[in-house]
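Student: Quick one, structure for this:
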Amino acid sequence: MKFAHLGDCHLGGWRQPELKELNFKSFQQAVKTCIKEKVDFILIAGDLFDSAYPPIETLKDTFGEFNKIKEAKIPVFLIAGSHDYSVSGKTFLDVLEKAGFCKNVSVYEEKDDRIILQPTIYKNIAIYGYPGKKSGLEVEDLEKIKLQDSPGLFKILMLHTTIRGAIGTIPMKSVDEQKLPQTDYLALAHLHINYSKGTRVYSGPIFPNNLSELEELRAGSFYIYDNGKIKKQEIKLVEIVSIHLETNNSLGLTDGVITVLKEKGIKDKIVVLRLSGILEKGKISDVDFQKIESTAKELGALVLLRSTSKLHMAELEIETDIPDSENMENEIIKQFEEKNPSRFNTLILTLLRTLQIEKLEDETSFTFEDRLLSETKKFLNLHENEIQKNKNI
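Tutor: Below is the predicted model:
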């Protein structure tokens, strides 16, 4: 028996076209390997797509790859993950299944406060599955699962979740793998990590899914089970160059970054640029990222990704002598007004209150932003009218 274990493909997930294409090429490489290795079947343990409703171009390309698998007469068994799961139960995974490209093995019934997973039988193998859900909501469900017995068959359980043994002491929702039903192979996805302990295996992502993963994983992966032997298949289509610079002066940072880019040899590579430090001279806006990105392109880089989350301005020191913490805000505003006299200072406190309105339950982000802007404009217009009124007196 020989099968492939994939997961966390996140097709259609990257915003940058170059990385979206690389992500899909990694999936193509995995499909090519599966066909070349003549696996008996393929498991996809969730998050084939990055959303329940992927872009039409992503769907067309994905259907093309599944057609290759079908022509090779390799069945595919899958479950939904936290990204391509839908509470309504309607996703494009159903379209793939209706087209005869795959079988969703999330088949179960709830009975006496238990969730009974029904097997999908393929030859002498029983495949069980339960979908991943948003925010780890599947964890509580997995404490209730039980397998409908399939005596004498090789049992595979596919889950898209976090198991405790894979995260150590990290405080997050997780399943105690010791309490899961006993199976011959536990096909996991959801955590984008390298983890293979006995027959408990996380597939890893087909391609790194964010900037941090590009640096930590540096490649995609999946696994092939071959008569008891479990082997990781690395998918590495391009090299990744990491550039980390720490500084306290942004004034010469643009030229400094460009110099490093020229020294690194970045042709046909992904460049990850991280800038950090407390700026004592200059501002973050002094860094000409457009010039940096143009230079990277001229040098042949596939794409440049940047992070400035750890690059900060030096904090202004404000001398305070505030006996009552409740008056801290007023005291800070008072000190600011003394150092920065302006006729607009009278707006500060009221404007802060206006900007502190909270998002209502079930209110969309667009509606909330529109309401916030409307309230702010209303306040500023009232103030402007008051100024004009006083001028006319």
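
Student: From here on, just use CA atoms for contacts and neighbour counts.
Tutor: Fine.

Student: distance between stretch 152-169 and the chain's centre?
Tutor: In this view, stretch 152-169 has its centroid 21 Å away from the chain centroid, taken as C-alpha atoms, centre = their mean, to the nearest Å.

Student: contact partners of that stretch?
Tutor: With C-alpha atoms under 8 Å, 6 or more residues apart in numbering as the test, stretch 152-169 has contacts from 45-46, 78-82, 124-132, 136, 138-139, 173-177, 183-191, 195.

Student: ditto for stretch 176-188
Tutor: Stretch 176-188 is contacted by residues 5, 7, 43, 45, 142-143, 145-147, 154-161, 163-165, 199-203 when judged by C-alpha under 8 Å, 6+ apart.

Student: Helices - which of those land there?
Tutor: Counting by DSSP state H, the part of the contacts of stretch 176-188 found in helices is 142, 164, 165.

Student: which residues in the protein form helices?
Tutor: 17-36, 56-71, 92-98, 138-142, 164-167, 211-216, 253-264, 289-298, 328-339, 348-354, 365-392.

Student: As CSV, those with distance to residue 239 would be great.
Tutor: Putting the helices of the chain into CSV (distance: least, C-alpha to C-alpha, whole Å) gives the following:
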stretch, distance to residue 239
helix 17-36, 12
helix 56-71, 24
helix 92-98, 32
helix 138-142, 36
helix 164-167, 27
helix 211-216, 10
helix 253-264, 12
helix 289-298, 15
helix 328-339, 50
helix 348-354, 48
helix 365-392, 38
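
Student: Could you export these as JSON lines, including mean neighbour count?
Tutor: Converted to JSON lines, these look like this (neighbours: other C-alpha atoms under 10 Å):
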{"stretch": "helix 17-36", "mean neighbour count": "19"}
{"stretch": "helix 56-71", "mean neighbour count": "15"}
{"stretch": "helix 92-98", "mean neighbour count": "16"}
{"stretch": "helix 138-142", "mean neighbour count": "18"}
{"stretch": "helix 164-167", "mean neighbour count": "16"}
{"stretch": "helix 211-216", "mean neighbour count": "15"}
{"stretch": "helix 253-264", "mean neighbour count": "15"}
{"stretch": "helix 289-298", "mean neighbour count": "15"}
{"stretch": "helix 328-339", "mean neighbour count": "13"}
{"stretch": "helix 348-354", "mean neighbour count": "12"}
{"stretch": "helix 365-392", "mean neighbour count": "12"}
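
Student: Identify whichever of those lies nearest to residue 231.
Tutor: Distance to residue 231, taken as C-alpha to C-alpha, is lowest for helix 17-36 among the helices of the chain, at 12.8 Å.

Student: If you count contacts, what does that closest one end up packed against?
Tutor: The contact analysis (3 or more C-alpha pairs under 8 Å, 6 or more residues apart in numbering; DSSP states H and E) places helix 17-36 against helix 56-71, strand 229-235.

Student: the inter-axis angle of that helix versus helix 56-71?
Tutor: Interaxial angle of helix 17-36 relative to helix 56-71 (axes from the mean of the first three to the mean of the last three C-alpha atoms, to 10 degrees): 10 degrees.

Student: Residues contacting helix 17-36, please?
Tutor: By C-alpha under 8 Å, 6+ apart, helix 17-36 touches 4, 9-14, 42, 65, 69, 72, 74, 206-208, 220, 222, 235-237, 302-303.

Student: ends of stretch 96-108, how far apart?
Tutor: 20 Å (C-alpha to C-alpha, to the nearest Å).

Student: Report the distance from it to the chain centre.
Tutor: For stretch 96-108, the distance from its own C-alpha centre to the chain's C-alpha centre is 25 Å (C-alpha atoms, centre = their mean).

Student: which ones are touching the residue nearest to residue 102 when sequence neighbours are not counted?
Tutor: Counting by C-alpha to C-alpha, 6 or more residues apart in numbering, the nearest residue to residue 102 once its immediate chain neighbours are dropped is residue 76, at 4.7 Å. Counting by C-alpha under 8 Å, 6+ apart, residue 76 touches 41, 42, 43, 44, 101, 102, 103.

Student: List the contacts of the closest residue to the last one other than its chain neighbours.
Tutor: This means residue 103. Excluding the flanking residues, the one nearest residue 103 by C-alpha to C-alpha, 6+ apart is residue 77, at 4.9 Å. Contact analysis of residue 77 by C-alpha under 8 Å, 6+ apart lists 41, 42, 43, 44, 102, 103, 104, 105.
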